[in-house]
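Colleague: Give me a 3D structure for the following:
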Amino acid sequence: MSASRPVYSTDKGRLCPACRNAVTDCSCKAQAAAARPGDGKAPGDRVLGDRVRVRRETKGRKGKGVSVIEGLPLNAAELAALAKQLKTRCGSGGAVKNGTIEIQGDHRPVIIEFLKSQGIAARLAGG
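Modeller: Modelled structure (predicted):
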């Protein structure tokens, strides 16, 4: 039988497998080598282009589709500037709402190509 070890504590959160301290307080090398959920990044590892998703939505828009770009780690001014460039590139309108960019119409391939040319790793989300 193998010895059990805690991996989560209600007072500390997720624990490092090597030193058994909270992951946020851990300074050992095992934390960097530990498997991480999602896209291979921990929630604190925000890097430009991390978890950027481009999807199409029609909900609440009377059947009209919009391309939604979410997960950009940019401030409000940078989002507005990027939205302006995307609207010009796609030749349509759009807006910045709640940290996401909405471009009117289904322009997902054009948006992904543009973001990749800007050095932002974007993924197609949804169907």
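Colleague: Please identify the buried residues of the strand or helix carrying Ala95?
Modeller: For Ala95, the element it lies in under DSSP states H and E is strand 94-97. Of all the residues in strand 94-97, those buried under the rule 16 or more other CB atoms under 10 Å are 94, 96. The C-beta positions use only the backbone N, C-alpha and C, and glycine is treated the same way.
Colleague: can you pull the alpha-carbon coordinates of it into CSV?
Modeller: Taking C-alpha atoms only, strand 94-97 is exported to CSV below (Å, rounded to 0.1, in the frame of the first residue of the first chain):
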residue,chain,number,x,y,z
GLY,A,94,-18.0,45.9,-33.1
ALA,A,95,-17.6,46.8,-29.5
VAL,A,96,-15.5,46.1,-26.3
LYS,A,97,-17.8,44.7,-23.6
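Colleague: distance of the residue nearest the centre of the chain from Gly71?
Modeller: Nearest to the mean C-alpha position of the chain, by CA atoms, centre = their mean, lies Arg51 at 2.7 Å. Per CB to CB, to the nearest Å, Arg51 is found 4 Å from Gly71.
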